[in-house]
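Trainee: everything below, folded, please.
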Amino acid sequence: MLEEDAFLNMPSEGMPMTESERAISSSSFFQSIRSLSFVCYRGSEATDNQLQRLIPELSGAGVSVVDLDEYNDFGELFIVPSETLLLAATRETLSLAQGTPMATVGYGALAGKLDAEAERAAERPACETPGEEEGAGAGHTPKQSGREVPGGAVGAEMEHALGSPGRNALNEGLEESGCGRACGITGGALRADLLVEGFDEVDVQLLDRVMKRAQGLPWITVVTGRCILREITLGDLDDLFALYAQPGITDYTEPLYERAAEEQYTRDYIANMYRFYGYGMWLVFSRESGVLIGRAGFSHADLGDEIVLEMGYIVGTPYQRQGYATEICEKLIAFARENLYGFETLNCFVEPGNAASHGLMKKLKFARNGTVELTGKEMVRYLLDLRDGREDNRC
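Mentor: Here you go, the predicted structure:
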């Protein structure tokens, strides 16, 4: 998950700011990307002390908070359903969102009930696994590229994980941060986008992400001094093809598919990698110009006897040899340490002739660990211990 500190580090390098100035910058940046405009709840249900803490924080972030108990006629409500999130502690309240584009969070006893119903539903004869026939999974990121191949490791891993209730990208991301129990849980005719037992780890930014998932909008995931990393959308493909057409980009990077196939691949990737795991390969944009300058993030590599976490990246030709790769990868390593607790090591696989990436691995303190064969090529394997620097007191 994107940590609050990422917003507090928005000023570019060389632009020192006071804590007050950084807070203003953080707030301005959040307002520029916020999708959440309204939050509805029932005051009679809001007995959680942390929810009482969250309500004024929402108002302070520019979100209109509506207590439904104050309305006898919901027709009097002035909200935009597609920009509204409903907090529900009972089935009656949750049912208000059914048939609308509102995002929903079930909490308290309702979360436990819907989670139990989902577990019972999961014990029934399995239906077709989503995404399997469409090659929605992603395997090795070959040639240090960030390019992922449909099928393979993630497809098998996803098929196994989908046997557990509510497992998808937001659920994975929230579980990594200790915040949430499940996402996309359906209880009978009722559905909640997120289930939480309480609001200890829930903040405005997280609720905005729930809203973005409901709207099909991309998450901003990592912020560096000069770059913003976010999830890909179909609207990015023109710029992505232009990036891959730059001289030298495909020397150590798998090329894109033909346009129609790439569009389908991207749809599958958004629906299955981002939504299931909450991380993946992201696009890198210049904060100064907004131009797409690269691609970076994480994938899963199947080594036969284990599935490992791999970091991959590319930087556009005009932006190479300017420290971008180091800046981006350092933030990715921090993201993995803070969020991806399911992995103890981070891998990079580099072709023997890719001198620049070998140099970067040394600079980032990766340890060389022999060679492996991936996608028919011999690759040098580098490892970084993610346990170094991790806090032991996570939830």
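Trainee: CA atoms for contacts and neighbours, from now on please.
Mentor: Will do.
Trainee: in the stretch 101-250 of the chain, which spans are helices?
Mentor: Counting by DSSP state H, counting those that start in this stretch, the stretch 101-250 of the chain has these helices, from start to end: 109-122, 153-161, 169-177, 204-215, 237-244.
Trainee: which secondary structure elements does the strand ranked longest in the chain contact?
Mentor: Counting residues, the longest strand in the chain under DSSP state E turns out to be strand 292-302. Secondary structure elements in contact with strand 292-302, counted by 3 or more C-alpha pairs under 8 Å, 6 or more residues apart in numbering; DSSP states H and E, are helix 153-161, helix 237-244, strand 281-286, strand 307-315.
Trainee: check which residues of stretch 316-334 are buried.
Mentor: Taking 16 or more other C-alpha atoms under 10 Å as the basis for neighbour counts, the residues of stretch 316-334 that come out buried are 316-317, 324-325, 328-329, 331-333.
Trainee: residues contacting that stretch, please?
Mentor: By C-alpha atoms under 8 Å, 6 or more residues apart in numbering, the surrounding residues in contact with stretch 316-334 are 222-225, 227, 243, 246-249, 293-294, 296-297, 311, 313-315, 360, 364, 386.
Trainee: spatially nearest residue to Asp385 (excluding sequence neighbours)?
Mentor: The shortest distance from Asp385 to any non-neighbouring residue, by C-alpha to C-alpha, 6 or more residues apart in numbering, is to Thr345 (4.6 Å).
Trainee: is it true that the one you found touches Ile307?
Mentor: No: applying C-alpha atoms under 8 Å, one finds Thr345 not in contact with Ile307, separated by 11.2 Å.
Trainee: of the two, who's got more company?
Mentor: Set side by side, Thr345 and Ile307 show more neighbours around Thr345, with 19 against 16, by other C-alpha atoms under 10 Å.
Trainee: quick one: contacts for the more buried one?
Mentor: Applying C-alpha under 8 Å, 6+ apart, one finds that Thr345 lies in contact with 308-309, 383-387.
Trainee: show me the contact partners of stretch 369-389.
Mentor: Counting by C-alpha under 8 Å, 6+ apart, 140, 142, 303, 333, 336-337, 343-352, 361, 365-368 sit against stretch 369-389.
Trainee: of the residues you listed, just the buried ones, ChimeraX syntax please.
Mentor: Selecting the buried subset of these in ChimeraX, with 16+ other C-alpha under 10 Å as the burial test, is done by:
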select :140,142,333,336,337,345,346,347,348,349,350,351,361,366,368
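Trainee: and the residue positioned nearest the centre of the chain, backbone torsions?
Mentor: For the chain, the residue nearest the mean C-alpha position is Gly278 (3.5 Å; C-alpha atoms, centre = their mean). Phi and psi for Gly278, reported as degrees, to the nearest 10, are phi 80, psi 0.
Trainee: distance check, it against Arg42.
Mentor: Computed with C-alpha to C-alpha, to the nearest Å, the distance linking Gly278 and Arg42 is 30 Å.
Trainee: pLDDT score for the residue nearest to Asp385?
Mentor: Note for Thr345: predicted pLDDT of 96.
Trainee: what of Thr47?
Mentor: Value listed for Thr47 in the pLDDT field: 88.
Trainee: now Phe276
Mentor: The pLDDT attached to Phe276 in the predicted structure is 88.
Trainee: chain center to the one helix or strand it maps to: distance?
Mentor: Mapping Phe276 onto the secondary structure by DSSP states H and E places it in helix 275-277. Mean C-alpha position of helix 275-277 versus that of the full chain (C-alpha atoms, centre = their mean, to the nearest Å) differs by 8 Å.
Trainee: low pLDDT regions in the stretch 201-350 of the chain?
Mentor: Filtered on pLDDT under 70, the stretch 201-350 of the chain yields no residues whatsoever.
Trainee: how about the stretch 51-200 of the chain?
Mentor: By pLDDT under 70, the weakly predicted segments of the stretch 51-200 of the chain are 118-189.
Trainee: only whichever of the contacts of stretch 316-334 are buried, select them in ChimeraX.
Mentor: Provided next is the ChimeraX selection string for whichever of the contacts of stretch 316-334 are buried by 16+ other C-alpha under 10 Å:
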select :222,223,224,225,227,243,249,293,294,296,297,311,313,314,315,386
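Trainee: any chance of the contacts of Thr345 in JSON lines with distance to Val210 and secondary structure as columns?
Mentor: Output for the contacts of Thr345, formatted as JSON lines (distance: C-alpha to C-alpha, whole Å; DSSP: H, G, I helix; E, B strand; the rest coil):
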{"residue": "Val308", "distance to Val210": "28", "secondary structure": "strand"}
{"residue": "Leu309", "distance to Val210": "25", "secondary structure": "strand"}
{"residue": "Leu383", "distance to Val210": "33", "secondary structure": "strand"}
{"residue": "Leu384", "distance to Val210": "32", "secondary structure": "strand"}
{"residue": "Asp385", "distance to Val210": "31", "secondary structure": "strand"}
{"residue": "Leu386", "distance to Val210": "28", "secondary structure": "coil"}
{"residue": "Arg387", "distance to Val210": "29", "secondary structure": "coil"}
